[in-house]
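In: coords please:
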Amino acid sequence: MTEPLSRDNHYVPQWYQRGFLVPGTTELYVLDLHPETISIGGGRTKLLDSPRRRSPSGAFVERDLYTTRFGAFISDEIERKLFGAIDAQGSTAVRAYVNGDAIAMHDAFENLFEYLDAQKLRTPKGLDWIKARYSGLDQLQLMREMQGLRMMHCSLWAEGIREIVSAADSEVKFIVSDHPVTVYNPSYPPDSAHCAYPNDPPITLAGTQTVFVLEPNTCLIFTHLEYGSSPVDVKTTAERTHARFRGHSLVRTDAFIRKRKLTRDEVTSVNFLLKSRAARYIASSNKAW
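Out: Numbers count the residues shown, from 1 in each chain. Next up, the predicted model:
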């Protein structure tokens, strides 16, 4: 029998969203940062700006985001075969790094970076970033470029300082963003012209850090070695030493710092970064967060 087409494409996987659910619940509060205005009669309108409850199947999803067409033929191979495999490996990798299992982390090391790079490009913001650099792409060409660019940041991340921080001591926990692999550079705050949608500070810059929340209590942060070692002395807008894409490296799979427990204000700062760099949606199990 022919499998049904997978045309409702989750650019933030359902398994990842489920990691943010409170045990016993099935929905998250999803906030639309650019809400629609609806008519409520009598010439009055209402802004739909309140968080709405959504299950993982109905959140961070877009129709035909990855679907390709060849005449009358419709293909969902990118959703099923490409992201199906990446998500299966990514789910195992994220779980290993949340749990801190050294053997499982070693085994999942490359899969983690492959998942992160794919996650950065596969969102609506990531695809718009590609289109902004390759003008006139049709859907098939866009999907080809996305696949061609995969793995471009892996060496930059793996060679730097890799830290896993905890929100266990904070009553506020990390939230979910529609662009989960988030980039920050202190010289280019989120409201600067350099961060105008769909741009982010280049990951090749010495002061650029990459932030990825693994689950509500756990966040992964990549920092370039020279900036992490001496942040006062480094020009944050300069290229880091030997910055390149897809370079070969020899790195330790166990070199992760796992000591910091963030305060409530620090967790809130991370959440603000995630919110300010999102394209449209953020979500959490707690509406206040």
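In: hey, let's count contacts and neighbours off CA atoms from now on
Out: OK.
In: can you tell me which residues contact Leu268?
Out: Just so we're on the same page, residue 268 is Thr rather than Leu. Val172, Lys173, Phe174 (C-alpha atoms under 8 Å, 6 or more residues apart in numbering).
In: Show me which of those are buried.
Out: Neighbour counting by 16 or more other C-alpha atoms under 10 Å classes Val172, Lys173, Phe174 among these as buried.
In: wouldn't the last one be in contact with Val211 here?
Out: What it means is Phe174. No: using C-alpha atoms under 8 Å as the test, Phe174 is too far from Val211 to be in contact (11.4 Å).
In: Now do the shared contacts for these two.
Out: Cys219.
In: picking that back up, what's the closest of the buried ones among the contacts of Thr268 to Gly84?
Out: Phe174 (25.6 Å; C-alpha to C-alpha).
In: returning to what we had before: ok, so of the buried ones among the contacts of Thr268, who is nearest Arg63?
Out: Of the buried ones among the contacts of Thr268, the one sitting nearest to Arg63 (C-alpha to C-alpha) turns out to be Phe174, at 27.3 Å.
In: That closest one - that's part of a helix, no?
Out: No: the assignment for Phe174, made by DSSP: H, G, I helix; E, B strand; the rest coil, is coil rather than a helix.
In: May I have the phi/psi pair for the closest residue to it other than its chain neighbours?
Out: Nearest non-adjacent residue to Phe174, counting by C-alpha to C-alpha, 6 or more residues apart in numbering: Pro216, 4.6 Å away. Torsion angles at Pro216 (phi, psi; degrees, to the nearest 10) stand at phi -50, psi -30.
In: quick one: the helices in the stretch 51-200 of the chain?
Out: Under the criterion DSSP state H, counting those that start in this stretch, the stretch 51-200 of the chain carries helices at the ranges 77, 83-99, 102-107, 109-122, 124-133, 139-149, 154-158.
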